[in-house]
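**Student:** Fold the stuff below for me.
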Amino acid sequence: MAHNNYLSGEMMYEYVSHVLANYFSINSELSEEEAIADLRKHFFVNAILKKEIYSDLRQALNDDSFSWKDALQRYDVFHFENENEARSYVVKTIWEPLFGE
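**Tutor:** Sure, this is the predicted structure:
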C-alpha cells in the first residue's frame, strides 16, 4: 500500500516527508550521523516503520516525476542546483547508510 498524497502538484511520499522533516531538516538540529543513528534505533523497535520507510524511499528514488531537489528544499534539508545532485545526496546520506544497497 503506497502512502502517497499530492502536494503542490507533485506526488509526495508520506514516509519520505517524515524522514526529511523530522530527522534531516535543519530544524531537527541533528547531524546526518545522528539522524541515521536515531532512525536505526527506531527501526530496531519498530519493524513496520523500517518497512514503510524502505518502501517509500525506494519508490521515490525510482519515481522520475518526484523531485528530490524540491523535497530537500521544502523541508530545509539542503539546497541543490539540480536534481542529480539532490538524488545523489539522498542515496549517499540516507539510503546507503540505512539500507546498504
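**Student:** and the residue positioned nearest the centre of the chain, backbone torsions?
**Tutor:** Taking C-alpha atoms, centre = their mean, the centroid of the chain lies closest to residue 16, which sits 4.0 Å from it. When quoted as degrees, to the nearest 10, the phi and psi of residue 16 stand at phi -60, psi -50.
**Student:** residues contacting it?
**Tutor:** By C-beta atoms under 8 Å, 6 or more residues apart in numbering, the contact set of residue 16 is 56, 57, 60, 71. Just so you know, the C-beta spots here come from the backbone N, C-alpha and C atoms, and that holds for glycine as well.
**Student:** Closest one to residue 33 out of these, please.
**Tutor:** Lowest distance from residue 33 to the contacts of residue 16 (C-beta to C-beta) belongs to residue 57, with 18.1 Å.
**Student:** what kind of secondary structure is residue 12 in?
**Tutor:** strand (DSSP: H, G, I helix; E, B strand; the rest coil).
**Student:** In the chain, where is pLDDT below threshold?
**Tutor:** For the chain, the stretches with pLDDT under 70 are 1-11, 101.
**Student:** So which residue of the chain lies furthest out from the middle?
**Tutor:** Distance from the centre of the chain peaks at residue 45, with 19.5 Å (C-alpha atoms, centre = their mean).
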